[in-house]
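> Okay, sequence plus prediction incoming.
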Amino acid sequence: MGQYRRHVFVCTHGEYCPFDGSVEVHRLLKEAVSARGLKSEIRVNKSGCFNQCGHGPMVVIYPEDVWYGQVTPDKVNRIVEEHLAGGRVVADLVYSAPPGAHKNPARMEIQKARAAAPPPSPKTGEPR
């Protein structure tokens with residue numbers, strides 16, 4: 001086993017996740033892991049795009065290779081309590097797709113409107 005029992009990646013880049021609250025999801029995951037005394041066992045990192053645009057915020061947990069989609073602040077506590085602390089995958093939150101890129105075509109039109117908006121602040125996730 002490596003340095004950590006589990007490694008959590010949160011997409012905080014790309015065309016959608018930052019606008020969908022991924023910076024806040026990352027912050028809450030880090031805080032919850034730390035508050036439960038799991039910081040030495042579980043590493044939470046920001047990540048680049050997972051190429052699943054429109055299905056996020058995306059969270060991936062290794063070594064289990066479990067993907068969670070549309071993770072909101074409300075869902076963070078369940079992921080921490082049930083999966084990270086309890087060792088049980090949160091089945092109803094799992095994002096399931098075949099390997100490869102799976103951008104949500106219904107969301108692609110939103111990109112045109114977002115292109116005109118200022119990018120979010122990397123620290124707060126709020127528009128600049």
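Yep, that arrived.

> Please pull up the helix or strand immediately following the longest helix along the chain.
Looking across the chain with DSSP state H, the single longest helix is helix 22-35. On the C-terminal side of helix 22-35, the nearest following helix or strand under DSSP states H and E is strand 42-47.

> Now residue 49: closest residue in space that isn't a chain neighbour?
By the measure of C-beta to C-beta, 6 or more residues apart in numbering, the closest residue to residue 49 outside its immediate chain neighbours is residue 14, 3.3 Å from it. Using the backbone N, CA and C atoms, a C-beta is placed for each residue, glycine as well.

> Dihedrals phi and psi, that neighbour?
Here is the backbone geometry of residue 14 (degrees, to the nearest 10): phi 90, psi -170.

> Kindly provide the distance from it to residue 77.
25 Å (C-beta to C-beta, to the nearest Å).

> who's more crowded, the two?
The neighbour count for residue 14 versus residue 77, taken as other C-beta atoms under 10 Å, is higher for residue 14 (21 against 12).

> What's the local residue count around residue 123?
One way to gauge burial is a neighbour count; for residue 123, by other C-beta under 10 Å, it gives 8.

> residues in contact with it?
With contacts taken as C-beta atoms under 8 Å, 6 or more residues apart in numbering, residue 123 has the following neighbours: residue 23.
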